[in-house]
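Asks: Starting from these lines, generate the structure:
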Amino acid sequence: MAPAQHDGGSGAPARMTRFDDLYDQPDPRAYFRVLGALDYRTPHHAQGVFRRLLRAAVAAAPKDRAAGRRPATVLDLCCSYGINAALLNHDVTLAELAAHYTSAAAAGLSTAQLIERDRQFYAARRRPDAVPVVGIDIAAPAIGYARAVGLLDAAFAENLETTEPSPALRRALGGLRLITVTGGASFLSARTFRSLLATDAARKDGRDLPWVAAFVLRTGSYRPIADGLARLGLTTEKDTTRTYPQRRFTDADEQEYAVAAVTAAGDDPSGKESLGHFHTALYVSRPAAQAAAQPLSTLLPTP
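Replies: The predicted structure is shown next:
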């Protein structure tokens, strides 16, 4: 939930490229310029997946608790500039956002002018099924921009690895149905999720817990987080039908590291990391009864 909490940030292994400075900018132009050149695509893969999972999570919520519930809310961990919120709630693609922010027209604007342009840009593309999105990331400039242009309904520069959620953050999570992660799972632990979920007395039986959807680099293990979620009442499934390219390697050393790490984790880098890209796997955590009622394969887009 900070520059160090994004895949490739300062919390990454020494042989991964650091992108800390991208999240300390007043707007996302550098983010799209640098990561776009590396063909960064995880939010593109997540767009359709998150929309489908949110619909399913809302439909699966206990009906006896539906009355008076606030609108379904999404929490995006390590949200940076609100890219996932932009793609979830607006008729726009990641490629279109990249073109929008790297254009000559954007280059000539001040941050204040870009904010005003983006307010109009996103308002014109807002989907009728848009939902409230709360963002957490200790990169304050990034979440400040996302809030200013209307992508996030609430934003919190809090590090839940070291502190408990503020009262304001807890209040903002009423109606929480889905927690999303596309950049940062490698640097989170079960503590963040425990801080968010374990103290909610209304959910102690697990039936009304939100779902968690995380795209996780194959260079590490999601098992510690999955085990922590299990203790809270969520069972975790992995999408075994495919992997999702994340970005190109910046150099041969980074690729060598990734191939070795994936192999050590028990996966096969052939045709994936061996061909020049980091890959992620999708993990979805749900209350056990809801997972049993509907196979994960039926909730995901066709490979």
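
Asks: Below-threshold pLDDT in the stretch 101-250 of the chain: ranges please.
Replies: The model of the stretch 101-250 of the chain has pLDDT under 70 over residues 199-207.

Asks: Please compute how far stretch 168-178 lies from its chain's middle.
Replies: Centre-to-centre, stretch 168-178 and its host chain are 16 Å apart (C-alpha atoms, centre = their mean, to the nearest Å).

Asks: Contacts for that stretch, please.
Replies: 50, 53-54, 57-58, 61, 69-75, 132, 134, 136, 153-154, 156, 158, 196, 210-213 (C-beta atoms under 8 Å, 6 or more residues apart in numbering). To be clear about C-beta, it is placed using only N, CA and C from the backbone, and glycine gets the same treatment.

Asks: Can you tell me which of the residues you listed end up in strands?
Replies: Per DSSP state E, strands hold the following members of the contacts of stretch 168-178: T73, V74, L75, V134, I136, A154, F156, W211, V212, A213.

Asks: The third one pairs with what?
Replies: In other words, L75. Taking DSSP bridges as the rule, L75 bridges to V134, I179.

Asks: any idea how far it lies from L234?
Replies: Counting by C-beta to C-beta, to the nearest Å, the gap from L75 to L234 is 14 Å.

Asks: swap in T250?
Replies: Using C-beta to C-beta, we find T250 at a distance of 35 Å from L234.

Asks: neighbour-wise, which of those two wins?
Replies: Neighbour tally, T250 and L234, criterion other C-beta atoms under 10 Å: the higher count belongs to L234, 24 against 15.

Asks: what are the phi and psi angles of the more buried one?
Replies: Note on L234: backbone dihedrals following degrees, to the nearest 10 are phi -110, psi 130.

Asks: Then R191?
Replies: Dihedral angles (degrees, to the nearest 10) for R191: phi -60, psi -40.

Asks: Could you tell me which residues make contact with it?
Replies: By C-beta under 8 Å, 6+ apart, the contact list for R191 reads L160, E161, G228.

Asks: Can you say which of those are buried?
Replies: Buried by 16 or more other C-beta atoms under 10 Å: L160, E161, G228, out of the contacts of R191.

Asks: I'd like the ones in strands among the contacts of stretch 168-178 laid out as a markdown table, including distance to A258 and neighbour count.
Replies: As requested, the ones in strands among the contacts of stretch 168-178 are exported to a markdown table (distance: C-beta to C-beta, whole Å; neighbours: other C-beta atoms under 10 Å):
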| residue | distance to A258 | neighbour count |
| --- | --- | --- |
| T73 | 35 | 22 |
| V74 | 30 | 27 |
| L75 | 29 | 24 |
| V134 | 32 | 22 |
| I136 | 27 | 29 |
| A154 | 35 | 18 |
| F156 | 32 | 24 |
| W211 | 28 | 24 |
| V212 | 25 | 27 |
| A213 | 23 | 25 |
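
Asks: Let's have those residues in TSV, adding distance to L114.
Replies: Shown next, in TSV, are the ones in strands among the contacts of stretch 168-178 (distance: C-beta to C-beta, whole Å):
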residue	distance to L114
T73	27
V74	25
L75	26
V134	23
I136	23
A154	22
F156	23
W211	34
V212	32
A213	30
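
Asks: and which of those is nearest to E273?
Replies: Checking these against E273 with C-beta to C-beta, the nearest one is A213 at 22.4 Å.

Asks: and the closest one, what does it touch?
Replies: A46, V49, F50, L53, L178, I179, T180, V181, L282, Y283, V284, S285.

Asks: so how far is A260 from it?
Replies: Where A260 is concerned, A213 sits at a distance of 28 Å (C-beta to C-beta).

Asks: Equivalent analysis for L53, please.
Replies: Taken as C-beta to C-beta, the span from L53 to A260 is 32 Å.

Asks: Those two - which one has more neighbours?
Replies: Taking neighbours as other C-beta under 10 Å, L53 and A260 compare with L53 leading, 24 against 14.

Asks: Can you tell me how far the more buried one is from A46?
Replies: 10 Å.

Asks: so where do the helices sit in this structure?
Replies: Listed in chain order, the helices of the chain (DSSP state H) span 29-37, 42-60, 83-89, 94-102, 104-107, 111-123, 140-148, 167-172, 190-197, 223-232, 252-264, 288-293.

Asks: Nearest to M16, out of those helices?
Replies: Here helix 252-264 is closest among the helices of the chain (C-beta to C-beta), at 6.0 Å.

Asks: ok, R147 touching A157?
Replies: No: shown here, R147 and A157 do not form a contact pair, counting by C-beta atoms under 8 Å, at 10.5 Å.
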